[in-house]
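Peer 1: pasting the structure only:
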């Protein structure tokens, strides 16, 4: 089992993300962007070798991304609408991603086996996403899946209404 951390501020800004282990050592670097067809997100080991690439295939309410390891497509991740909340499928790996996405707490499962759990945690250095991954072999794939899922799982507009503006009680003179 391996436990990894990603700083929330970097994830939410879609900037480069440095993934650390429990000892605080840098393990992976994620660069790229997503949000348009053809955009690519790349995960590198700290020695510079490319481990995983994710390419956006569709842009919609139910986006699709292809996953590549060593330039070989290993599957696709797609968002689906469930009865009460969305979930994600990772084809070819037969993984399902579900949980409480609003609270940043979800898991990846293959049949009954948990591959990864992610939760938001706060430590002295700030807010982080903590990934607990059952097999270190899956760590690079789990990191990129967690970035995509965290971004696309949240319901950005709950009901399509703007928040009411605050009333000014004291008027400037």
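Peer 2: Thanks, I have it. As the structure is a prediction and not an experimental result, all values here were calculated from the model.

Peer 1: from here on, just use CA atoms for contacts and neighbour counts.
Peer 2: Will do.

Peer 1: pLDDT-wise, which helix or strand of this structure ranks last?
Peer 2: helix 8-13 (a mean of 57; mean pLDDT, DSSP states H and E).

Peer 1: just the strands in this structure please.
Peer 2: Ranges of strands within the chain are 2-7, 17-21, 26-32, 40-45, 50-58, 64-69, 72-81, 86-90, 95-100, 105-110, 113-123, 126-133, based on DSSP state E.

Peer 1: how about those strands, which one is nearest residue 152?
Peer 2: strand 72-81 (7.9 Å; CA to CA).

Peer 1: same question for that closest one, mean pLDDT?
Peer 2: Averaging pLDDT along strand 72-81 gives 94.

Peer 1: quick one: pLDDT of the residue positioned nearest the centre of the chain?
Peer 2: Nearest to the mean C-alpha position of the chain, by CA atoms, centre = their mean, lies residue 147 at 1.9 Å. We note a pLDDT of 89 for residue 147 in this prediction.

Peer 1: ok and the longest helix out of those in the chain relative to strand 50-58, angle-wise?
Peer 2: Ranked by number of residues, the top helix in the chain under DSSP state H is helix 139-153. Helix 139-153 runs at 30 degrees relative to strand 50-58, counting by axes from the mean of the first three to the mean of the last three CA atoms, to 10 degrees.

Peer 1: stretch 40-53: end-to-end distance?
Peer 2: With CA to CA, to the nearest Å as the measure, the first residue of stretch 40-53 is 7 Å from its last.

Peer 1: any stretches of this structure with poor pLDDT?
Peer 2: Scanning the chain for pLDDT under 70 picks out the ranges 8-15, 125, 153-173.

Peer 1: apply 80 and report the result again.
Peer 2: When residues are selected by pLDDT under 80, those of the chain lie in 8-15, 33-36, 122-126, 152-173.

Peer 1: before we move on, back to that, which of the strands of the chain sits closest to residue 141?
Peer 2: strand 50-58 (6.6 Å).

Peer 1: the closest one packs against which elements?
Peer 2: strand 40-45, strand 64-69, helix 139-153 (3 or more CA pairs under 8 Å, 6 or more residues apart in numbering; DSSP states H and E).
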